[in-house]
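>>> Next comes the sequence, and after it the predicted model I'd like to discuss.
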Amino acid sequence: MLSLLHIENIAVIESADISFTDGLNVLTGETGAGKSIVIDAIGALLGARVGRDLVRYDTPRARVTGLFTGLSDDVIRALGELDVTCEDGELLLCREITADGRTSARVGGRPVTAAVLRSIAPYLLHILGQHDTGRLLNESTHLPFVDRAGDCGALLNTYWEKYAALRAIEREMETLKIDDAEKARRADNLRYHIGKLEAAKLKAGEDTRLEKRRSQLRGAAQRQEAATQTSVCLSGSDDAMGAVSLMRQAAQILERGAGDDADTQKLAERLTELSYEVEDVAEHVADMSFAYDPRELDAIEGRLYTLDRLRKRYGATVDDMLSYLETARKELEALDTAEARLDELGLMRQTAYKEALDAADALHQRRVETAASLSKAVEEELAYLDMPRARFDVSLTIPREADGAPTLMSDGIDRAAFLIAVNAGEELKALAKVASGGELSRVMLALQTVLTSGQADDADIRPTLIFDEIDAGLSGRAAGKVARKLRSLADGRQVLCVTHLGQFAAAAHSQFCIRKTERGGRTYTEVLPLDDDARETELARLLAGENKSETVRGAARELLREYQNL
C-alpha cells in the first residue's frame with residue numbers, strides 16, 4: 001500500500017506529507033482547494049506525463065516521493081522480473097520536475113526512466129477518475145474488461161502469436177502480387193543496375209585501399225619532385241651552374257684577391273670547405289629514390305573516378321554498393337520465382353489462418369463464458385448500489401467477411417458492448433445512450449468490484465485503488481449504497497477516494513482535509529489528517545455548508561457512527 005506521500009512545490013502545494021492507512025482513505029475539502037492536485041502528484045509518481053505547469057510558480061523544481069510498504073511476495077517477484085528490487089517488502093519512488101519541464105525519476109535510489117515507473121504502476125496503484133468512467137461510453141474499451149474478468153491473458157498471447165504469423169505471410173504475398181507488366185519493368189530495371197555493378201567488378205573495401213595508396217603515391221611524387229629540384233639547385237644543369245660550382249668559383253675569386261690578407265685567405269678556405277659539404281649533400285640528394293610510378297597513380301585515379309560515379313546512385317562506399325547489388329539480385333530472384341513463392345505462401349497461409357482461427361475461437365469461447373458470468377455479477381452489484389431493476393448484459397458480436405468467415409482482428413474475432421436497462425420493462429440499450437452520470441459511476445464501481453474481488457485478479461497482487469470524484473451524479477440513498485460498497489471494497493486492501501459526499505467521508509477509515517489558505521499574497525494548500533472531532537466538523541460542512549449548528553453536528557455525528565459500525 002501507499003504508506004507515505006511527500007509532495008513538494010506541486011501547483012499550490014508547497015509541502016505536504018500524507019500518511020495513508022489500510023482500508024478506505026478519503027480526501028475532502030472545498031471545491032478548488034487542491035484535492036485533484038494530490039491525485040495528479042500520485043499520477044506523476046507513477047510515470048504519467050507531466051509538464052512545467054505542474055511546478056509551483058517561482059520555484060526551481062517540484063518533487064513527489066512515495067513509500068509503498070507491505071508488498072506481497074507475488075508483487076515483489078513481479079517487480080523483480082522488471083529489474084526492480086524491493087527491500088523488506090518496501091519500495092521508494094521519487095519523481096522530480098524542473099521549472100523548464102525536464103523530469104527525472106528514481107526507484108529505490110536508482111535512476112530510471114518514466115517508462116519504468118509506468119511499467120511498475122499496475123502492481124502498485126490503479127487510478128480511476130471521471131475520465132475512466134467516461135471510457136465506458138466508448139465501446140472499443142469494453143472488450144478489455146471482459147478479457148480481464150476472464151483471465152484471458154494466456155489465450156490472448158497465443159492468438160497474438162498466430163495472428164502475427166498470419167499477417168507476416170499476407171504482407172509478403174501482397175508484396176509479390178504485382179501485375180505481369182510491372183513485374184517485367186521491375187525485372188529489366190534490376191538487370192540493368194545489376195549489370196552495371198557486376199561490370200565494375202567491385203571488391204569489398206577497395207575504395208578505402210585505393211584512397212590510401214593514392215595518398216602514398218601522391219606523397220612520393222611530391223618528395224621525388226622536391227629531390228629533383230634540390231639536385232638541380234645544388235649540382236646545376238646543362239643550362240646553369242649549381243650551388244656547388246658557384247661556391248667553388250666564389251672561393252677561387254676570393255683567394256686570388258686575398259693577397260697577403262690572412263683573414264681573407266681564411267674566408268676563402270671556409271668557403272671551399274663548405275662547398276665540399278654542400279657537394280656531399282648534393283650526392284645524397286641525387287641518390288634519393290622514391291617508389292613512385294606515374295602510371296600506377298593514373299590507374300588509381302581512373303578507378304576512383306569510376307567508383308565515384310557509381311556511388312552517386314548505389315551507395316557511399318563500395319561495401320554499400322555490394323549490399324545494393326546483393327539486394328537487387330535477391331529481388332530479381334524473387335520476381336523470377338514469384339509464382340512459385342506465391343503458391344508456397346498460399347499453402348502456408350491456409351495453415352496459419354486455421355491456427356489463428358482456432359486460437360481466436362478458443363478465446364471467443366472463454367469470452368462467451370465470461371460475458372455471462374460478468375453480466376450476472378455486475379447486475380448483482382448494481383442491485384446493491386440502489387439500481388435493483390437494472391439489467392446489464394455484455395453483448396459479444398462477431399464481424400464477418402463477405403463470405404461469412406469471421407473477421408480476424410488484432411484482438412480476436414469479438415466485439416464487445418455493454419448494454420443496460422435501468423428501469424423495469426425497458427429494453428437493453430447501449431450504455432452510452434441511457435446511463436446518467438450517477439449510473440455510470442455505479443456501473444464503473446460495480447465492474448471494479450467484480451474485477452478486483454479476487455476472481456479476476458491474483459489475490460496476492462491487489463494494487464491500491466484510487467477513485468477521483470467517482471461520486472459524480474450521486475446523492476441520497478444511492479450515495480449511501482456506493483459509500484458502503486467502497487468501504488467493503490477496502491476490506492483487505494487500500495482504497496483512496498476524492499469526494500464531496502458526506503456518506504463517502506463517513507465511511508472512511510481515515511480522512512484528510514485539503515485546505516487552501518493565503519499568506520503574503522501567495523496561495524498555499526495543506527493536507528491535514530482529521531481526528532474524530534475534526535471529522536465531525538468537516539462532515540457537518542459537507543452536509544450543510546457553513547451551517548454548523550448543533551443539529552447539523554448531531555447529524556454528522558450520527559452519520560459517522562452509522563458508517564463506522566458497518
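Happy to help now that I have it. Residues are numbered from 1 along each chain as shown.
>>> For the spatially most central residue of the chain, which non-adjacent residue is spatially closest?
By Cα atoms, centre = their mean, the chain has its centre lying nearest to Ala115, at 5.9 Å. Nearest non-adjacent residue to Ala115, counting by Cβ to Cβ, 6 or more residues apart in numbering: Gly47, 6.9 Å away. The C-beta positions use only the backbone N, C-alpha and C, and glycine is treated the same way.
>>> which element follows the helix or strand bottoming out on mean pLDDT in the chain toward the C-terminus?
Per-element confidence for the chain was summarised using mean pLDDT, DSSP states H and E. The lowest value among helices and strands belongs to helix 130-135, with a mean of 66. Past helix 130-135, heading to the C-terminal end, the next element that is a helix or strand (DSSP states H and E) is helix 142-149.
>>> Give me the below-cutoff pLDDT ranges for this protein.
Counting by pLDDT under 70, the chain contains low-confidence ranges at 129-134, 179-181, 289, 291, 453-461, 566.
>>> which helix of it spans the most residues?
Ranked by residue count under DSSP state H, the longest helix found in the chain is helix 338-384.
>>> For that one, what is the distance to the chain centroid?
29 Å (Cα atoms, centre = their mean, to the nearest Å).
>>> Over to stretch 3-11?
Relative to the mean C-alpha coordinate of its chain, stretch 3-11 is positioned 25 Å out (Cα atoms, centre = their mean).
>>> quick one: contacts of that stretch?
Contact with stretch 3-11 is made by 13-20, 34, 37-38, 40-42, 44-45, 54-56, 59, 61-70, 525, 527, as judged by Cβ atoms under 8 Å, 6 or more residues apart in numbering.
>>> How about stretch 225-238?
Around stretch 225-238, the neighbours that count as contacts under Cβ under 8 Å, 6+ apart are 242-245, 278-279, 281-282, 285-286, 288, 290.
>>> I'd like the distance between Lys35 and Ala371.
When distance is defined by Cβ to Cβ, to the nearest Å, Lys35 is 36 Å away from Ala371.
>>> Compare those two (neighbour count), which wins?
When neighbours are counted by other Cβ atoms under 10 Å, Lys35 comes out ahead of the other of Lys35 and Ala371, with 23 against 19.
>>> can you tell me how far the more buried one sits from Ala99?
With the distance defined as Cβ to Cβ, Lys35 ends up 24 Å from Ala99.
>>> Gly108 too?
On the measure of Cβ to Cβ, Gly108 and Ala99 end up 26 Å apart.
>>> now do Glu381
Taking Cβ to Cβ as the measure, Glu381 and Ala99 are separated by 46 Å.
>>> if you count what's nearby, which of those two comes out ahead?
Between Glu381 and Ala99, counting by other Cβ under 10 Å, Glu381 is the more crowded of the two (22 against 15).
>>> mind listing what the more buried one touches?
Residues in contact with Glu381, defined by Cβ under 8 Å, 6+ apart, are 445-446, 449-450, 485.
>>> so which pair among those residues is furthest apart in space?
Considering Cβ to Cβ, no two members of the contacts of Glu381 lie farther apart than Val450 and Lys485, which are separated by 11.4 Å.
>>> How is this protein divided into domains?
Residue ranges for the domains of the chain, per automatic domain parsing: 1-136+462-530, 206-316.
>>> Now, the contacts of Glu381 that are in helices?
When helices are assigned by DSSP H, the members of the contacts of Glu381 inside them are 445-446, 449-450, 485.
>>> Torsion angles phi and psi at Ser237?
In this entry, Ser237 is assigned phi and psi values of phi -140, psi -180 (degrees, to the nearest 10).
>>> ok, it to Glu182 distance?
The value you get for Ser237 to Glu182, if Cβ to Cβ is used, is 71 Å.
>>> Same question for Glu90.
Distance from Glu90 to Glu182, counting by Cβ to Cβ: 65 Å.
>>> Those two: who's more crowded?
When neighbours are counted by other Cβ under 10 Å, Glu90 comes out ahead of the other of Glu90 and Glu182, with 14 against 9.
>>> Could you pull up the residues touching Thr264?
By Cβ under 8 Å, 6+ apart, Thr264 lies in contact with 254, 257-258.
>>> Pull the residues that contact stretch 191-202.
306-307, 310, 313-314, 318, 321-322, 324-325, 328-329, 332.
>>> which one of the residues you listed sits closest to Val495?
Out of those, the member with the shortest distance to Val495 (by Cβ to Cβ) is Tyr324, at 62.0 Å.
>>> Would you mark the buried spots in stretch 199-208?
Along stretch 199-208, the positions that meet the burial threshold by neighbour count (16 or more other Cβ atoms under 10 Å) are 200, 202, 206-207.
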